[in-house]
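K.L.:
below is the sequence, then the predicted model.
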Amino acid sequence: MDLYLHTFAAKLRARNGMLEVHTYFNDGDAAGLMPSAVGKKGSEAASSSLRRYEYSPHAVECVWLQQGSSVSTDAVVLAMQHNIDLLFLDAFGHPVARVWRTAPCSNAAIQRQQLAAAQDSRAVVHVKNWVVRKLENQVHLLETFMEQAEKSGKKSKAMANGLPLRAVLRIKSLREKVTILQGEHIDDIAESLRGYEGAASRYYFEALSSLLPKQHRFSTRSQHPANDAFNAFLNYAYGILYAEVERALLLAGLNPYLGFLHRDGYQYAAMVYDFIEPYRVWADYAVFRLFNTTEIDASQHLSSMQEGGGVWLNDAGKRLLSASFLPFLKDIPKNRRQTLLREARSFAQAL
């Protein structure tokens, strides 16, 4: 299971061989712990707002620590003794650091081949494959949502006018253009590839917006910060997915900072941004489903920037998304976390 701490002043400690979470909320869910986390409730402090929850380290796979939470060195040592991944996130949910016991990037042979592949035709093959799969998955997701809308009788005006269907046809056409791109080096196709991918993204998100409940539709994809609730939730979901992809790459012996299409730079996990492309639809699906099954209230789930406008998820929004998306990634039998690891190892072997 995962432990997820994203409320201010939440603490991870070690006590009597157990991981202990201190939180200042009245229940485990409000503490920012995953509802699926099964633990033994510990003793309560004198203050009615302080709660402690104990978890066996044998049952924990990963601990997510949001900015504003803290971890003791004893808890770090206990986590490392049990090969628990400690992941640190910024306020937007993007991974900024992680602590491992082992050296997941120690496979020099794989990383030498990764560096060599970035300079030859192997990068072209892999990047084209990732982008083609991304566009195929976007088409499949739109078709799935269109079919669901038809069955439920919730066809929007845009759907009646054929907007999502036109987007599907355009993305399929762009997929074919990506397929026939030729080059010996990634630079030979990079400009065209980015153009096709960018156009597909515009068609995709326009269609996705048209299929949302009317009050949640958006005019354009927005990132840091988001301009609306859907994009704020999606940005945070992508942040979680970035962390999962980085983890898979590290465990496969790959360097997450050495990219093919996304070029490496200081503290820029370029390969994460390359490798994630076919899997972004996981976040898209989870957030879309959330907005169609849950009452999203901006006053309860979002915070607004004082300067420049824009919104991001507050603690309640982060809890809501985490409770939906993290179990989705580990859902049995698909277990998407294991899928990422299996695909990363396959990529490493292909190099």
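P.N.:
Alright, I've got the coordinates. Numbers count the residues shown, from 1 in each chain.
K.L.:
what residue is smack in the middle of this structure?
P.N.:
Leu241 (1.8 Å; C-alpha atoms, centre = their mean).
K.L.:
check contacts around that residue.
P.N.:
Ile276, Tyr279, Arg280, Trp282, Ala283, Leu329 (C-beta atoms under 8 Å, 6 or more residues apart in numbering). Quick note: C-beta positions are derived from backbone N, CA and C, even for glycine.
K.L.:
chain center to whichever helix or strand it is part of: distance?
P.N.:
According to DSSP states H and E, Leu241 maps onto helix 229-251. Centre-to-centre, helix 229-251 and its host chain are 2 Å apart (C-alpha atoms, centre = their mean, to the nearest Å).
K.L.:
and the next helix or strand past that helix?
P.N.:
Helix 229-251 is succeeded, C-terminally, by helix 270-275 (DSSP H and E).
K.L.:
Pro278 contacts Gln138, correct?
P.N.:
No. Pro278 lies out of contact with Gln138 (C-beta atoms under 8 Å); the separation is 9.8 Å.
K.L.:
so for the two, which residue has more residues nearby?
P.N.:
Legend: neighbour count by other C-beta atoms under 10 Å for Pro278 and Gln138, higher for Gln138 (27 against 18).
K.L.:
please report phi then psi for the closest residue to that one other than its chain neighbours.
P.N.:
Nearest non-adjacent residue to Gln138, counting by C-beta to C-beta, 6 or more residues apart in numbering: Tyr204, 4.7 Å away. For Tyr204, the backbone dihedrals (degrees, to the nearest 10) come out as phi -60, psi -50.
K.L.:
before we move on, which element is the nearest residue to Phe233 once chain neighbours are set aside in?
P.N.:
The spatial neighbour of Phe233 that comes closest, neighbours along the chain excluded (C-beta to C-beta, 6+ apart), is Val287 at 4.8 Å. Using DSSP H and E, the element containing Val287 is helix 280-293.
K.L.:
got it, and Phe88?
P.N.:
strand 85-89.
K.L.:
go on, Ala123?
P.N.:
helix 121-152.
K.L.:
the inter-axis angle of that helix versus helix 280-293?
P.N.:
Angle of helix 121-152 versus helix 280-293, following axes from the mean of the first three to the mean of the last three C-alpha atoms, to 10 degrees, is 20 degrees.
K.L.:
now for helix 121-152, which elements pack on it?
P.N.:
helix 108-117, helix 163-179, helix 186-210, helix 270-275, helix 280-293 (3 or more C-beta pairs under 8 Å, 6 or more residues apart in numbering; DSSP states H and E).
K.L.:
from the middle of its chain, how far away would stretch 318-327 be?
P.N.:
11 Å.
K.L.:
now could you export just the CA positions of the strand holding Phe88 as PDB?
P.N.:
The C-alpha trace of strand 85-89 is given here as PDB (Å, rounded to 0.1, in the frame of the first residue of the first chain):
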ATOM      1  CA  ASP A  85      10.300   4.500  -1.700                       C
ATOM      2  CA  LEU A  86      10.100   8.000  -0.100                       C
ATOM      3  CA  LEU A  87       8.900  10.500  -2.600                       C
ATOM      4  CA  PHE A  88       8.900  14.300  -2.000                       C
ATOM      5  CA  LEU A  89       6.400  16.400  -4.000                       C
END
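K.L.:
and His22, helix, strand or coil?
P.N.:
strand (DSSP: H, G, I helix; E, B strand; the rest coil).
K.L.:
ok, it - contacts?
P.N.:
Contacts of His22 by C-beta under 8 Å, 6+ apart are Ala10, Lys11, Arg13, Leu50, Arg51, Arg52.
K.L.:
quick one: neighbours of the closest residue in space to the first one that isn't next to it in sequence, just the number.
P.N.:
In this case it means Ala10. Sequence neighbours aside, Ser69 is the residue nearest to Ala10 in space, at 4.2 Å (criterion: C-beta to C-beta, 6+ apart). Ser69 has 23 neighbouring residues, counting by other C-beta under 10 Å.
K.L.:
do you know how far Ser69 is from Ala79?
P.N.:
14 Å (C-beta to C-beta, to the nearest Å).
K.L.:
and for Lys157?
P.N.:
In this view, Lys157 and Ala79 are 52 Å apart by C-beta to C-beta.
K.L.:
higher neighbour count, these two?
P.N.:
Ala79 (23 against 9).
K.L.:
just checking, which helix or strand of this protein averages the lowest pLDDT?
P.N.:
strand 40-41 (a mean of 39; mean pLDDT, DSSP states H and E).
K.L.:
quick check: of the contacts of His22, which lies closest to Asp297?
P.N.:
Of all the contacts of His22, the one sitting nearest Asp297 is Ala10; the distance, using C-beta to C-beta, is 23.2 Å.
K.L.:
how many residues are close by the closest one?
P.N.:
Ala10: 24 neighbours (other C-beta under 10 Å).
K.L.:
again, but for Ala97
P.N.:
10.
K.L.:
doesn't it lie inside a strand?
P.N.:
Yes. If the criterion is three-state DSSP, then Ala97 is within a strand.
K.L.:
can you pull up the bridge partners for it?
P.N.:
Phe88 (DSSP bridges).
K.L.:
hang on, isn't it packed against Leu89?
P.N.:
No. At 9.1 Å, Ala97 does not count as touching Leu89 under the criterion of C-beta under 8 Å.
K.L.:
anything in contact with each of those two?
P.N.:
Joint contacts of Ala97 and Leu89 (C-beta under 8 Å, 6+ apart) do not exist.
K.L.:
check contacts around the closest residue to His126 other than its chain neighbours.
P.N.:
Nearest in space to His126, with sequence neighbours left out and distances taken as C-beta to C-beta, 6+ apart, is Phe260 at 6.3 Å. Applying C-beta under 8 Å, 6+ apart to Phe260 gives the contacts Ala117, Ala118, Ala123, His126, Val127, Ile186, Ala270, Met271, Asp274.
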